[in-house]
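K.L.:
Return atomic coordinates for the entry below.
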Amino acid sequence: MKHIVVLLIVSTVFMSACTGTQWVRTTVAKEYDFAVALEQRPVKEIIVPPKQERIKRLELTELKSLLSELKYIEEGGALSKSTQAAVFQTSEIDRLAPALLDALGKADANQRVRFLSFNQGQGVIFSNSRKTEGVVFSGVDGQLNIAFNYINSKRLPSETSAIYVNFSAVDPVNIQSADSTLVITAPYLQSHSFADGQTAPLWVVADLDKLAQTVLSAPTPVAAEVAPTEKAPVATPPAAVPMTTPAAVPVEKNATIAAGEEVLRQDIKNKLKYLKELFDEGLISERDYQGKKQDLLNKID
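P.N.:
I've put the predicted structure just below:
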């Protein structure tokens, strides 16, 4: 009987501890390719009241620049080498950054932003369905923290949409070892260090002031200036000399035809790429994909 009582007490304490460490989440955005939520840890089953403190103002261009600078090294297997790659694809950043910025604007000092992003990585033969999850939250002195649960991990066959996928139960700020390691590539980034001095493999801290200066000082792409073409004076030919040059007409016509064919080929190429994206995302069946693909190929002489 005493053993049963002790077991019940231990179980009660354990369950209370688990309840106290859970996060209460509020969905901010859920789309086919990503999900973003605000999360806050309750204390004694009562959500901590917000302090009404906001993160330092962050521009969309700055956040996109930050996300594009995130690189990582994935440990290779026995037959492969470790490789460095970008954490996010450009298409991921374009759809994820606005949602993250909106959530950060709503977060107070006691909240952080949880995100999940899907992408379609390009393999040698087949495309790979990948997912990246983590949290973003403000720090001291105008710093922004980004900690990942995993980076470009393979999606399960059942994970067809981020709308129906649950967030990981693991707190990314507690991860001390991982198969992937973030690489510092920007002057405003640094790795987070734990209290024992160990470097966090999947947690970086960004100095927002330095980030803003970096984006501001980045050279703006300038279009190449084209010198104006001066028209050559047209000489009036003698009356006896015919003004029509028969050889010039066929050349101009052939050039026009060639240009039109090039535009047609480029248009077909773009449509084939778009069709492949629809098929990869599961928006059209393989039968529809093959049929439309053949229709487009038939237009090429």
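K.L.:
Spell out which residues make up each domain of the protein.
P.N.:
With automatic domain parsing as the criterion, the domains of the chain are listed as 22-217, 254-298.
K.L.:
Break down the chain into its helices, ranges please.
P.N.:
All helices of the chain, identified by DSSP state H, fall at 2-21, 60-69, 90-106, 208-217, 248-280, 286-298.
K.L.:
rank these by mean pLDDT and give me the bottom one.
P.N.:
Sorting these by mean pLDDT places helix 2-21 lowest, at a mean of 42.
K.L.:
thought Q40 was touching W23?
P.N.:
Yes. Using Cβ atoms under 8 Å, Q40 is in contact with W23, at 6.7 Å. Glycine gets a C-beta too; all of them are placed from N, C-alpha and C.
K.L.:
For L100, see how far away L283 is.
P.N.:
Noted for L283: a distance of 25 Å to L100, by Cβ to Cβ, to the nearest Å.
K.L.:
In terms of neighbours, single out the busier of those two.
P.N.:
Set L283 next to L100 and count neighbours by other Cβ atoms under 10 Å: L100 wins out with 25 against 11.
K.L.:
Let me see the contact set for that one.
P.N.:
By Cβ atoms under 8 Å, 6 or more residues apart in numbering, L100 lies in contact with 36, 63, 113, 115, 136.
K.L.:
Looking at those residues, which are in strands?
P.N.:
Counting by DSSP state E, those place 36, 113, 115, 136 in strands.
K.L.:
Let me know the closest of those to I151.
P.N.:
The shortest approach to I151 among those belongs to F115, at 12.3 Å (Cβ to Cβ).
K.L.:
residues in contact with that closest one?
P.N.:
F115 makes contact with 34-37, 96, 99-100, 133-136, according to Cβ under 8 Å, 6+ apart.
K.L.:
can you pick the most crowded of those residues?
P.N.:
Taking other Cβ under 10 Å as the neighbour criterion, L96 ranks highest of the contacts of F115 with 27 neighbours.
K.L.:
thought that residue was touching S68?
P.N.:
No. In this structure L96 lies outside contact range of S68 using Cβ under 8 Å: 11.4 Å.
K.L.:
anything in contact with each of the two?
P.N.:
F88.
K.L.:
follow-up on the earlier one: looking at the contacts of L100, which is nearest E262?
P.N.:
Closest to E262 out of the contacts of L100 is L63 (38.4 Å), distances taken as Cβ to Cβ.
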